[in-house]
Structure formats: C-alpha cells, structure tokens
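**Student:** dropping a prediction and its sequence here:
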Amino acid sequence: HAQVQFDKVVRIDQAALSLKSGVAIASAALDGIGQSLNLTLDGKLPEADTLRVQGIRDLAQEPNILTEDLKIDRPEWPAVRGGLVFLWEGHRKQSFNWNPQSRAFQDNTFHHWSQARFDRHGVMVLGGGTYTVTDGGSGIYSQCGETGKLTVEGVITPFNLYQGSASRTSVAFGFGKPEEPNVALVQEGNQLLLLIRMLNEDKTEVRRVELGTLEQDRPHHVLVAIADGALTCYVNGAVAKQAELKGTFAWNAPDWSHGLYMGGLPGNPYPWCGRLEGLAVYSAAFDAAQAAKNHAVYAKTLAARPVAKQIQLSAKLAAKTRIPAAAEIAPYRDTLVVNEYDVVRVTQGPYAAPKLRVLQWGLLDTRNTW
C-alpha cells in the first residue's frame, strides 16, 4: 500500500498512475475530502520507487495539472509494521485504518467534540474534548479477532495526575459498547491501566491490568502486546509490566460512528486531559526488540522538536473585546477576540513593554455562552 497526501483538493478521474518499478497498482481511491490518495498494489514496493503521475488536477476554474513524478519515501515510524490495522501519527501526517469490507486501507475521518484540537506539531490536545474516528474500529475487530493477537501503541502525555474516576479518564481509545469498551488505555490517578474484554472458562469480563506509573507533562511511549495468554507492556522501550491474561478476546462489534475514540466518550463532561500522538494498533504481538525499535524512532521525533521560548508574568486586564452573539456570526460558532493587559511584574524571560495583547479563542454554545 502507498498513501499520497496533497495540499489541496484534487480530482483523479482523468489520471494515469504507474510505478517506475513496474509493480502494478490494483486500485486508487481518494478520501472523502479529496486530499489523500490511497493506493493498493499487486506486490511489495522495493526500497526505492517513483510514482509516475499524469492528469491529477485541482479544482481551480482553470485546473492546475500535476505532471511531476513523486518519489516514494518510506516513513521511519512505525519501524515495525507487521499486522498494522490502524495508524495515526499526527494531524496532516500518516493516518489510515484497515477496512475489512473493501480489503484495503482507508483514511481516518476524525470528528472533534467540544474543545479538542491539534497543536502546532499535529498532536491531539484533549484538554476539554474528545475525538472519534468514523468506522475506525472495524479493522481492529476483524483482524485481531482472526489472529487472537493485539499490540496497542501510543504516546501519552497527561496534563494532570488526578483527574477523577477511571470511567472519566480514558486516554487512548476503546471500541465496542461505550459502557464496556473492548480495549481502552485508562488513567486512574497516576496509574495507567488497560481495560480489555476477555472470555475465560465461559465467563466474559472486562479485565483491568495496571501497566505502570505516569508522570505529569511527560510523554510516555506506551506499547502493550497481548498473545497466547500473556501481556507485556513496554514504556519508553523498556518492559514495565508482564501479566497473565488467559482467555480469548470477547469483543463486541464496534459502533460505526463512535467505535474508536480518543480522550473519552463524546459528551462526557469530564474527559481525559492530555496529549495523544503516535497511535497504532496491530493484529500481532510485538517482542522486546520490536518495541525498542519503534520507541527509538519515535524518541528521535520528540527530541527533534524545538522548544518554544517562554515568558512568565503577572498582568491585569485593562481592556477586553465584546464577545459577539451567536446570531452575529452564524452559522459559525468559533470566535477569536483580543484582550489587553497591563503588565504588573515579569518573573521569567525578557519583556519590556508595559502592555500585552492576547488573542483568545472561544466556542459559543447553544446558550450563547463563550
């Protein structure tokens, strides 16, 4: 398989695509938006290849036609991809899941709820909302059900170590009935837990397995592998937990619209608060060497990010913008206003100006509350 992402919406109805290596392209389909093209191939790609493109057009009144050949770059992460059925690296990065009906990969279609958003690195920020993926759980359900194996991988950064009960703090995803997830990574206090539905000796139950201790505002590369009655959890490339997990997966068919969710269930007034990225699910069980390999690659990504300079100061509100009424900006609900503050005291970093203006974003709800 191969995925091509464009910076604008395109059409492929008059396009001709071929690979320089000669590997045949069995099918080519755009996602629902028209910015991502998924290719299914009749063979494996060589280490280096080129996609020859003719006739892909944008939607301008006088269409621009893409004619240049595209070099195929193999993504560094995941370094190990055997059994991959779901992947989300980050916003505008690798993102797809396996569709058991079409027997091909399809783009992930995300829906955000409340104030969930992506930051400048494409990381999912869940400080007051959740994300769901339409039909994102069906491939996990079918493929892991066939193999009886599962590996869940993700980078989890909690904002706070005490966020309430486990039912309000799902940190990665679950699929199946909302009240009984097939699989979920959950924060409970400063502990990371795995919830998983298992059938053992004719009894079905949601097993709870403590995986390790979380640290506030620190990224944790978590990888949980399950196969043959055993569970191994790796945190930042090292073994953090090993446990017996007898039985077979007793999963419910996933919901089409909410079958895969991040940060908790939509509408939950107390969603999990933190950052998520690098989420992947496999219908295979990783060993220690494979877990360390994937962690090493992602650790480089985290280390390469520039750290933003910070200024810390005390300020007093001097002037504020009037929040518009919902009717004034309908059908939109997002508002961006600017407020002005008098600087009282600078405690960190250089800031010499007597005033500070801050852009502040808000979302108008049905009660016209910002």
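**Tutor:** Yes, it's here. Predicted model, so just to flag it, every value in this text is computed and none were measured.
**Student:** hey, let's count contacts and neighbours off CA atoms from now on
**Tutor:** Fine.
**Student:** please name the nearest non-neighbouring residue to W88.
**Tutor:** Spatial nearest neighbour of W88, chain neighbours left out: S95 (4.3 Å); criterion: CA to CA, 6 or more residues apart in numbering.
**Student:** should've said A48
**Tutor:** I72 (6.8 Å).
**Student:** kindly report the same for T213.
**Tutor:** Q191 (4.7 Å).
**Student:** same deal with L185?
**Tutor:** In space, L185 is closest to L194, 4.8 Å off (CA to CA, 6+ apart).
**Student:** I'd guessed the residue nearest to T213 sits against L214; true?
**Tutor:** Yes - in terms of CA atoms under 8 Å, Q191 counts as a neighbour of L214; the distance is 5.8 Å.
**Student:** who's in contact with K44?
**Tutor:** 1, 23 (CA atoms under 8 Å, 6 or more residues apart in numbering).
**Student:** so it sits in a helix?
**Tutor:** No - per DSSP: H, G, I helix; E, B strand; the rest coil, K44 lies outside any helix segment and is coil.
**Student:** how close does it sit to A26?
**Tutor:** Plainly put, K44 is 12 Å away from A26 if you go by CA to CA, to the nearest Å.
**Student:** again with E89
**Tutor:** The value you get for E89 to A26, if CA to CA is used, is 26 Å.
**Student:** tell me, how many residues neighbour the residue nearest to L185?
**Tutor:** Neighbourhood size, L194 [other CA atoms under 10 Å]: 19.
**Student:** when E89 and A26 are compared, which one has more neighbours?
**Tutor:** Neighbour count, other CA under 10 Å: between E89 and A26, E89 has more, with 22 against 11.
**Student:** once you drop chain neighbours, what's closest to that one?
**Tutor:** In space, E89 is closest to G278, 4.3 Å off (CA to CA, 6+ apart).
**Student:** what residue is smack in the middle of the chain?
**Tutor:** Nearest to the mean C-alpha position of the chain, by CA atoms, centre = their mean, lies W88 at 4.5 Å.
**Student:** surely that residue touches E277?
**Tutor:** Yes - look at W88 against E277 with CA under 8 Å: they come within range, at 7.2 Å.
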